[in-house]
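1. no FASTA, just this:
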């Protein structure tokens with residue numbers, strides 16, 4: 001599909017620091033994209049630049065094929081002319097207005113008559129299953145209800161793009177699952193191009209077609225939710241998305257069929273090839289906690305799998321599974337399993353097929 005949002009070499013600079021560094025990024029029509037990363041990486045700044053709430057220091061922004069911002073062309077389209085809906089982290093509902101007035105407000109700004117805007121607002125509230133809340137004030141609503149009202153207000157003028165800035169952060173754990181499903185349904189039903197900012201990688205993976213991981217104002221990795229999780233491009237991506245184990249290792253040999261790496265205890269394992277890695281290079285052997293398995297002894301070690309002694313340091317019951325942290329000769333390991341080990345000392349097995357070898 002054609003790109004609805006296009007950013008070309010967008011930089012945002014405060015004094016000497018770049019919040020966004022020459023970023024080029026596009027978003028396809030009806031695609032659900034999540035922006036994730038640590039606080040301060042530029043997620044919300046990027047969202048605000050798309051919305052027109054912040055100006056880039058340099059670069060160009062196009063929305064729906066038309067210029068929204070271009071310093072060289074002297075273009076800076078105001079937010080209400082960008083055909084974008086925005087849901088803020090705080091929801092930003094007017095406390096002195098009833099729900100129906102809050103939802104109708106974007107139409108009021110656009111000069112729509114009172115009868116028409118009230119009808120449009122009520123129709124949308126009905127469609128989002130909160131039609132009976134129209135005469136309440138925001139303080140009379142639950143967090144989940146406020147979120148739905150904020151989404152209704154963002155959609156009332158029929159935007160082609162929906163921007164969401166941490167919309168679930170104010171909800172309790174019980175509501176988050178239902179709210180995620182609601183946002184996914186709205187995205188699909190209204191055929192939107194949606195961009196979600198979140199610090200929760202699990203939230204991003206569960207509802208997104210695409211995930212963009214930012215780091216210090218740059219794109220660390222950009223891909224499908226599955227690719228970001230299963231095939232992290234860097235050790236940072238592996239750690240941030242899903243908390244992978246990162247074991248210090250060194251490349252021993254490389255060939256067309258793969259690379260042999262040596263871990264801290266001298267054990268070796270053959271992993272998939274990576275043309276960028278050379279013999280002698282220090283690397284991380286990356287493996288997800290649920291890919292590590294317990295073994296009764298060391299007999300299953302082979303070139304395609306390593307087995308290490310494991311001394312349990314802590315166990316945490318999580319309802320559906322257990323997280324076990326243990327000390328091994330190759331480093332501390334987090335293991336997710338159906339049951340914790342029977343004894344404090346046991347063995348763990350790591351298969352080469354479950355590992356990725358990434359540069360430091």
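-> Alright, I've got the coordinates. Quick caveat: nothing in here was measured; it's all calculated off a predicted structure.
2. hey, let's count contacts and neighbours off CA atoms from now on
-> Noted.
3. quick one: the strands in the stretch 151-300 of the chain?
-> Here the stretch 151-300 of the chain has its strands, by DSSP state E, counting those that start in this stretch, at 161-165, 193-197, 210-215, 218-223, 245-255, 258-263, 268-271, 282-287, 293-295.
4. pLDDT of the fourth one, averaged?
-> Translated: strand 218-223. The average pLDDT within strand 218-223 is 96.
5. relative to strand 210-215, how tilted is that strand?
-> 160 degrees (axes from the mean of the first three to the mean of the last three C-alpha atoms, to 10 degrees).
6. With the second one instead?
-> Between the axis of strand 193-197 and that of strand 210-215 there is an angle of 40 degrees, by the same axes, to 10 degrees.
7. hmm, back to that, right, so of the strands of the stretch 151-300 of the chain, which gets closest to residue 117?
-> strand 161-165 (19.7 Å; C-alpha to C-alpha).
8. tell me how far that closest one is from the chain's mean position?
-> Here strand 161-165 is found 14 Å from its chain centre; the criterion is C-alpha atoms, centre = their mean, to the nearest Å.
9. same question for it, mean pLDDT?
-> pLDDT averaged over strand 161-165 gives 95.
10. for it, packing partners?
-> The elements that strand 161-165 packs onto, with contact taken as 3 or more C-alpha pairs under 8 Å, 6 or more residues apart in numbering; DSSP states H and E, are helix 43-51, strand 84-87, strand 193-197.
11. what does the shortest one contact?
-> I take that to be strand 84-87. The contact list for strand 84-87, computed with C-alpha atoms under 8 Å, 6 or more residues apart in numbering, reads 51, 150-151, 153-155, 159-165, 167.
12. what about 6 Å?
-> With C-alpha atoms under 6 Å, 6 or more residues apart in numbering as the test, strand 84-87 has contacts from 150, 154, 155, 159, 161, 162, 163, 164.
13. TSV please, covering those and showing distance to residue 226 and neighbour count.
-> Shown next, in TSV, are the contacts of strand 84-87 (distance: C-alpha to C-alpha, whole Å; neighbours: other C-alpha atoms under 10 Å):
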residue	distance to residue 226	neighbour count
150	30	24
154	29	24
155	29	25
159	29	16
161	24	29
162	23	22
163	22	26
164	22	24
